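> What would the 3D arrangement of this be:
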Amino acid sequence: MRFEPVEVQLPGRGVVFRSLTTADLDRLGSFYASLSNRSREFWHRDADARTLARGHCDAIDQFDKLRLVADDGAAIVAVFELSFSIPDGDHARFAAYGLTLDERTDVRFGPCVRDDEQGSGLAPRLLAETARIALREGRNRLILWGGVQPENRRARRFYEREGFSEIGRTPLIIDMMRPI
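Below you'll find the model as predicted:
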């Protein structure tokens, strides 16, 4: 699944928001390696940056996922992921909260923004584009992919500002969702 690149304007510059390509391998690895230990902990734990990038590039067009990158011309500055399937564990966890998930209308969403871009206004603009893509694919709810860790207060504040609501929590994660 692909979509046409869009230019997202930020104060003083623009970034191109587009589908991940196999040509992005080195730059994606550099993006993951550039994340602080704290950001890596919240994003993909202790996964090796190059291995993670290789896995994501190798999976292009092979699964139910759409990986999008924000490219400022010099580097990848954000990765936003959509997953159009919902694993059994998510169905069970949300059922425990009294909610039924539906793959026809729900999509899992996972953003990651480079540390020096956090708070720049980039993430809300990319989220708006991501929501448009999900709507085009017939989805009307974004579900945080894997939830958000309770100690990740900055991310929780961002999600709340952007219309996500807490649905439930486990000892390790807070599940949030947002209508589109």
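> At which residues are the strands of this protein located?
6-10, 13-19, 65-71, 76-83, 106-113, 141-144, 165-169, 174-179 (DSSP state E).
> do you know which of those lies nearest Ala59?
Set against Ala59 and scored by C-beta to C-beta, those come closest in strand 65-71, at 6.6 Å. C-beta: built from backbone N, CA, C; applies to glycine.
> What mean pLDDT does that closest one get?
Strand 65-71 carries an average pLDDT of 94.
> ok, back up a step: now the strands of the chain as TSV including mean neighbour count and distance to Ile133?
Formatted as TSV, these follow (neighbours: other C-beta atoms under 10 Å; distance: least, C-beta to C-beta, whole Å):
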stretch	mean neighbour count	distance to Ile133
strand 6-10	14	10
strand 13-19	16	10
strand 65-71	22	7
strand 76-83	21	7
strand 106-113	22	9
strand 141-144	22	11
strand 165-169	15	21
strand 174-179	19	14
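> Make TSV out of the ones you listed and add distance to Arg125.
What follows is the strands of the chain, written out as TSV (distance: least, C-beta to C-beta, whole Å):
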stretch	distance to Arg125
strand 6-10	5
strand 13-19	8
strand 65-71	9
strand 76-83	10
strand 106-113	11
strand 141-144	15
strand 165-169	21
strand 174-179	16
